[in-house]
Structures are given as C-alpha cells and as structure tokens.
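1. My questions are about this predicted structure, shown below with the sequence.
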Amino acid sequence: MSKKDYSKQDAKHHLHPFSDNAALARDGVRVMVKGKGIYVYDDEGNEIIDGMAGLWCVNIGYGRKELARVAKKQMDELPFYNTFFKTTHPAVVELSAKLSEVAPANFNHVFYTGSGSESVDTMMRMVRHYWASLGKPSKKIIIGRWNGYHGSTIGGASLGGMKGMHAQGDLPIANVVHIEQPWYYGLAKDGESADDFGIRAANWLEEKINEIGADKIAAFVGEPIQGAGGVIIPPKTYWPRIEEICRKHDILLVADEVICGFGRTGHWFGHQAMGFKPDIITTAKGLSSGYLPIGAVLVSDKVTEGLLAGGEFNHGFTYAGHPVAAAVAQKNLEILQDEGIVDRVHDKIGPYMQKRWHETFSKFKYVDDVRCEGLICGFTLVKDKATRELFPDFGTTGLMCRDIFFKHNLIMRACGDHMVAAPPLVITKKEIDTMLAIAAKCMREFEEKMDKQLAK
Ligand SMILES: Cc1ncc(COP(=O)(O)O)c(CNc2cccc(C(=O)O)c2)c1O
C-alpha cells in the first residue's frame, strides 16, 4: 500500500476510540510514521511538536533505542509467560523491585495490568476485597469526582465523572458515587480565596460520607491533578484536607497517577506535589513511556497486609507483568533515574515552562486561569475574563482552538474549553520557546477568528 493510501484506507476497517467515526471517515486522518524526542512526523514529512507526549505518556520522548533493544532481547529469550500459576520471570521481579525503589517508602508491592483502566478496575476490586478480608464487607462504595477520568472499562468509566460516558452503556455501575471537582476557577464563590475553596471542596467528601455512612464506603479515588478533565489543579489546601477526612472515617485513599506518575508534576508521583499520602497508587502511561502497554497498581504495606490475610485474590489479566513490557518499563525507569529527568523537571524545566506558559497565554483576551504544575499545563478559553463567562456549548470552542494548533503542527489537547499540554519530560528550554512561539501564533489566529464570530 503506498504511503498516501493509509489515510484513505484507514476508514475502511479501523474504528477509532473516542471518535465519531463517520465524521472521521469524511474528514480523514493524519498518518504518523516516526517519532524523535518531542517530535512526531506524519507521512507527508511534517515535523509536529507533540505537546501531549502522545496521550500524556511518552515521558522520555520518542526514539529511545535502548527500549527497543531491551524489547528485542526479551522477545528473543521469553516473549511471554504468565505469572498466574506459581511462576514468575526475571523481568517482572526486577521491575517490581525498581518500582518499590521509586515509590514512597511504604509502597513495596505491585499488582500488574495492561493499561490504566485495568489498573483502576484492579484497584476497585482490591479495595472491596481488602475490607472484606478485614471483616467489613459492607464497605464497598467507591467515591470519585465529577469530570474525573479513570479509564474506559465499565469500572473505570463508572468511577470517572464524565457524564457523556455514563450516558453510553448504562453507567455508573452500582456502589460508585461522585462529588464535585475542586475547580476553583469555575466553582468558587465571589471573593472566596483559593485556600478557603480548597477546604470547602474537600469537605464535600465528608458531607457525602455523612450522607452514606462510612461503614459503607471503601475508598475515595482522585487524580492528584485531573488530566483529561482539563488540568484541574486543586488549591494546596484541598488534598491534605481530603486525607484528613479519609483517615478520620477509615476510608482508603487512592491516587490515580496514570497521568501524574513518573515525573509529570516534577515529582515521581503527583501526590507528592499535592501534599498527601495515599494507600494505593494506580499507574500506567509514564511507567513505560507508552512504548509498550503496561499498568501497575502500587500497594501500600497497610493494604498489602490486609490482602495477604484474605487468601486468594480472584483477579488478574493474561498480560499482567508481561515480560517484554516489564523489561521496557524497567529500562524506562532507569533512564528517568540515570538522566535525572524528574529532578530536572522539578528544578529547571518545570519552572521555566511555568514562566513561559504564563507569559505566552495570559495576554490573550479569551484566555484565563493560566496554570502549570511541572509539565502538565492548561488554560481556559473564556468569553469574558472580567465576568469569567464561559463560551456556550462547553467544548465547541476548545475543538476549534485545538484544530488551529494542529494545522500549525503543534499538538495540544482540548478538554472541553480547557486547552492543555503535557510534553515529553525531556523537552528543552529552546524547544519550549519554539513550542510557545507557535502557540502564540495559533492564539492570535484563534482570537481573530473569535472576534469575527462574536461580531456577527
Ligand atoms: C487518570 C487516568 N486513569 C486511568 C486512565 C485509563 O488509562 P488507559 O487509557 O491506559 O486505560 C487514564 C487514561 N487517560 C487518557 C487516555 C486516553 C486519552 C486521554 C485524553 O486526555 O485524551 C486520556 C487516566 O488519565
């Protein structure tokens, strides 16, 4: 098939995720063929800045041959074996030790999956099994947040707070409930400080607990920073208060670090940036930098003790701890460590991005709530900054803006009317300047287009 045909042939047999596939067949797709550093290249030779690191996952950047080499070596030796029936293999033993090394001190056990959704579903079953093992089987309700994202399996999609997903497939499942998200810009009262809002938003959890009864609740689950919900960075008072509430009511606290994990926030884990200590950490994405699918549930010593007391945990996946994926993840973590990538984000590149991100976007009239934490960044498209009036049909404006960026070969993501970026952690200061110069040009084009649209 010639290179030009891929775009045409794609629609004949390929159904894309989170897509209107009829529209996609009409509009066509761009064919990505290569990656290097922060760049991806399409089959027309365009060099594209991947401001989203794929899907928030290519933390070490594209084209790292070391990962391909370890994948081939492992593939040649043992391309697959399972860990179900009293067997293991060197790659998963090594990775488990490495994860225990980079995780907080009280996290020394790992349960493997093939994706973030599978990590979340594993956690959902795990927390219920944990409480049953402790003789409290009624503690099975799991609390998430509206606009949170926890994957696309029936469990993960239920726990997530995306109402459009709930509408497809009769979700959420039983015993999953939600509280409002800690979106200061959109939900604060007039004149309310960020710190006061953070406490008030966290107290929504205690109100829900008091409504349901702590004796029925297994866990509270949240992304340290909501990613797909639009980079919602809570006030610094939020998470410490959430942890205080969970401890007071004996409810497990779960950090969904599928996006925030492995350096994204300038810390190994996002909960360290947000100032709380979870009982379970769900991960995927940056664990392998997306080079191969793998997820992992990091389990604290407290929860491990409960699980071990509970006999057989009747749960697991064929590819749990897959040898090639484990070997690639191991090399990925070694690169993050050996090249000091996480510390570099914290000490140098994160502060630089923070400065340049604000300089670039704050000046535009339809942009507000410009925000960054490490290398997860966002801003909100607003119709009127003075009144914080949003555009109608939340999301339509974001898509228009995103398409302007993509046309100029810069990939950023529209989450509703939030524009977000999460570039590979290896981005340089010069590349940040290049990226933001293109972004500024795109925003000028967006502003002109919006002026005309509003003038009609
Ligand atoms: C916090 C969180 N938890 C779980 C998942 C599910 O992971 P898997 O996709 O590997 O099953 C995610 C995934 N997050 C995700 C996945 C795909 C697209 C986008 C987007 O923002 O466009 C975000 C996530 O961000």
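-> Here it is on my side, so go on.
2. what's the neighbour count on the residue nearest to Tyr149 when sequence neighbours are not counted?
-> If the residues on either side of it in the chain are set aside, Tyr149 comes closest to Ala228, at 3.7 Å by C-beta to C-beta, 6 or more residues apart in numbering. In this view, the C-beta of every residue, glycine as well, is placed from N, C-alpha and C. Ala228 is flanked by 23 other residues according to other C-beta atoms under 10 Å.
3. Per-residue pLDDT of Ala228, please?
-> The per-residue pLDDT reported for Ala228 equals 98.
4. For it, give me its contacts.
-> Remark: with contacts taken as C-beta atoms under 8 Å, 6 or more residues apart in numbering, Ala228 is in contact with Tyr149, Met162, Ile259, Cys415.
5. want to throw the residues you listed into JSON lines with pLDDT and distance to Thr434?
-> Compiled in JSON lines, these are given as follows (pLDDT from 0 to 100; distance: C-beta to C-beta, whole Å):
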{"residue": "Tyr149", "pLDDT": "98", "distance to Thr434": "29"}
{"residue": "Met162", "pLDDT": "97", "distance to Thr434": "33"}
{"residue": "Ile259", "pLDDT": "98", "distance to Thr434": "24"}
{"residue": "Cys415", "pLDDT": "98", "distance to Thr434": "23"}
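6. Show me the subset of those that also lies near the ligand.
-> Applying C-beta under 6 Å from any ligand atom, the subset of the contacts of Ala228 adjacent to the ligand comprises Tyr149, Ile259.
7. what's the most distant pair in the contacts of Ala228?
-> With C-beta to C-beta as the measure, no two of the contacts of Ala228 lie farther apart than Met162 and Ile259, at 14.6 Å.
8. So for the two, which sits in the more crowded spot?
-> Ile259 (28 against 17).
9. Could you pull up the residues touching that one?
-> Applying C-beta under 8 Å, 6+ apart, the residues contacting Ile259 are Trp56, Glu223, Ile225, Gly227, Ala228, Gly270, Lys285, Gly286, Ile376, Ala422.
10. Repeat the analysis, applying 6 Å as the threshold.
-> Contact analysis of Ile259 by C-beta atoms under 6 Å, 6 or more residues apart in numbering lists Trp56, Gly227.
11. Let's verify it: helix, strand, or coil?
-> Three-state assignment for Ile259 (DSSP: H, G, I helix; E, B strand; the rest coil): coil.
12. ok, the nearest residue to Met75 once chain neighbours are set aside to Val370 distance?
-> Closest residue to Met75 apart from its sequence neighbours, by C-beta to C-beta, 6+ apart: Val324 at 5.4 Å. Computed with C-beta to C-beta, to the nearest Å, the distance linking Val324 and Val370 is 41 Å.
13. So for those two, which residue has more residues nearby?
-> For Val324 versus Val370, the count of surrounding residues by other C-beta under 10 Å is larger for Val324: 23 against 19.
14. Who are the packing partners of the host helix or strand of Asp76?
-> Using DSSP states H and E, Asp76 sits within helix 65-77. Contacts defined by 3 or more C-beta pairs under 6 Å, 6 or more residues apart in numbering; DSSP states H and E place helix 65-77 against helix 323-338.
15. Can you give me the domain assignment for the protein?
-> The chain breaks down by automatic domain parsing into domains covering 31-60+340-455, 66-338.
16. Buried deepest among those, which one?
-> For the domains of the chain, ranked by mean neighbour count under the definition mean count of other C-beta atoms under 10 Å, the leader is domain 66-338 at a mean of 20.
17. tell me how far that domain is from the chain's mean position?
-> On the basis of C-alpha atoms, centre = their mean, to the nearest Å, domain 66-338 is displaced by 10 Å from the centre of the chain it belongs to.
18. Any idea how far apart the tips of it sit?
-> Counting by C-alpha to C-alpha, to the nearest Å, the length from the leading to the trailing residue of domain 66-338 is 13 Å.
19. can you check stretch 336-347 too?
-> The separation between the terminal residues of stretch 336-347, taken as C-alpha to C-alpha, is 15 Å.
20. What lies in contact with it?
-> For stretch 336-347, with C-beta under 6 Å, 6+ apart as the criterion, the contacting residues are Gly263, Gly266, Trp268, Gly374, Leu375, Leu425.
21. 7 Å instead?
-> Taking C-beta atoms under 7 Å, 6 or more residues apart in numbering as the criterion, the residues outside stretch 336-347 that touch it are Asn59, Ile60, Phe262, Gly263, Gly266, His267, Trp268, Gly374, Leu375, Leu425, Val426.
22. where along the stretch 101-250 of the chain do the helices fall?
-> Counting by DSSP state H, counting those that start in this stretch, the stretch 101-250 of the chain has helices at residues 116-133, 154-159, 163-166, 184-187, 194-212, 238-248.
23. for those helices, which one sits closest to Leu333?
-> Between Leu333 and the helices of the stretch 101-250 of the chain, the shortest gap by C-beta to C-beta is with helix 116-133, which sits at 16.3 Å.
24. near the ligand, anything from the closest one?
-> Yes - in terms of C-beta under 6 Å from any ligand atom, part of helix 116-133 sits within range of the ligand, namely Gly116, Ser117, Val120.
25. between those, which is nearest Ala440?
-> Closest approach to Ala440 among the residues of helix 116-133 next to the ligand (C-beta to C-beta): Gly116, at 32.6 Å.
26. residues from the stretch 301-450 of the chain in reach of the ligand?
-> Where the stretch 301-450 of the chain comes near the ligand, counting by C-beta under 6 Å from any ligand atom, the residues are Arg413.
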